[in-house]
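**Student:** Below are the sequence and a predicted model; questions follow.
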Amino acid sequence: MTDTICVRCGAVTPPHDVVSVASPDGAFRLLCSRCFNTGMAHLADVHTFEHPEFTPVCLPDADGVVHEFHFRSLLFGDQLSLDAFELASGGEDCAGFHFQLLGDPQSDPFELLGVLVQKVKRALAVRHVVERSGHLEVAGTTVRGRIEWDGSENGRLPCVVIDGRRIDWTDFGAMLMAFEGWQFRIELVDPSDEA
């Protein structure tokens, strides 16, 4: 993906820091997160909001593999969303870890960042899939991940991202066949909640 120019300030912005915003005329504009937050602060009448800038952080997972997390903050009126995410590599748009935390826009964003980093560390400490004989398998009896759009399926089937790895729906189904005859429970959790 290529960088985008923010229509408000003209800044060259990487794709992960762009927000598509509807205009009153129905057209969509691409804004950098700073301009988006400035506009939202004005609309929400939040006078003390300052757009925070965070430095990427490298954290190890359960296998000692280091992951670089970037951060983005978006103001949604009465809530501030902080996202920690890996940038996709190899053209896999939905691959990589992604975490979110919601907080009060009046709170210290660096305190919220500390809470988010602890959430990321807890999640990285657990391995949900393992590779054995060249095939992915469920590591235990619990699998946590996120549901994503699978462009190769044209929206008919999702893919899942588990332990930061993109797994297509068919491969995920094959992993579950090791539990044929078992019961299961699916609990859908908001991205900002602890999974």
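**Tutor:** Perfect, thanks for sending it.

**Student:** and the spatially closest residue to T141 that is not a sequence neighbour, backbone torsions?
**Tutor:** In this structure, T141 finds its nearest non-sequential neighbour in F179, 7.8 Å apart by CB to CB, 6 or more residues apart in numbering. Heads up, the C-betas are built off the backbone N, CA and C, glycines and all. When read as degrees, to the nearest 10, the backbone of F179 gives phi -110, psi 20.

**Student:** separation between F179 and G173?
**Tutor:** 11 Å (CB to CB, to the nearest Å).

**Student:** now do G64
**Tutor:** Between G64 and G173 the computed distance is 30 Å (CB to CB).

**Student:** In terms of neighbours, single out the busier of these two.
**Tutor:** Each of G64 and G173 has its neighbours counted (other CB atoms under 10 Å); G173 has more, 11 against 6.

**Student:** can you pull the contacts of the most centrally placed residue in the chain?
**Tutor:** The centroid of the chain falls nearest to H98 when counting by CA atoms, centre = their mean (2.9 Å). By CB atoms under 8 Å, 6 or more residues apart in numbering, the contact list for H98 reads D83, A84, F85, E86, R146, V161, P191.

**Student:** May I ask which of those has the most neighbours?
**Tutor:** Ranked by neighbours (other CB under 10 Å), the contacts of H98 are led by A84, which has 24 neighbours.

**Student:** how close does the residue nearest to the centre of the chain sit to E137?
**Tutor:** Taken as CB to CB, the span from H98 to E137 is 23 Å.

**Student:** Could you identify the helix or strand that succeeds the single longest strand found in the chain?
**Tutor:** The strand that spans the most residues within the chain, counting by DSSP state E, is strand 66-76. Counting by DSSP states H and E, the next helix or strand C-terminal to strand 66-76 is strand 79-85.
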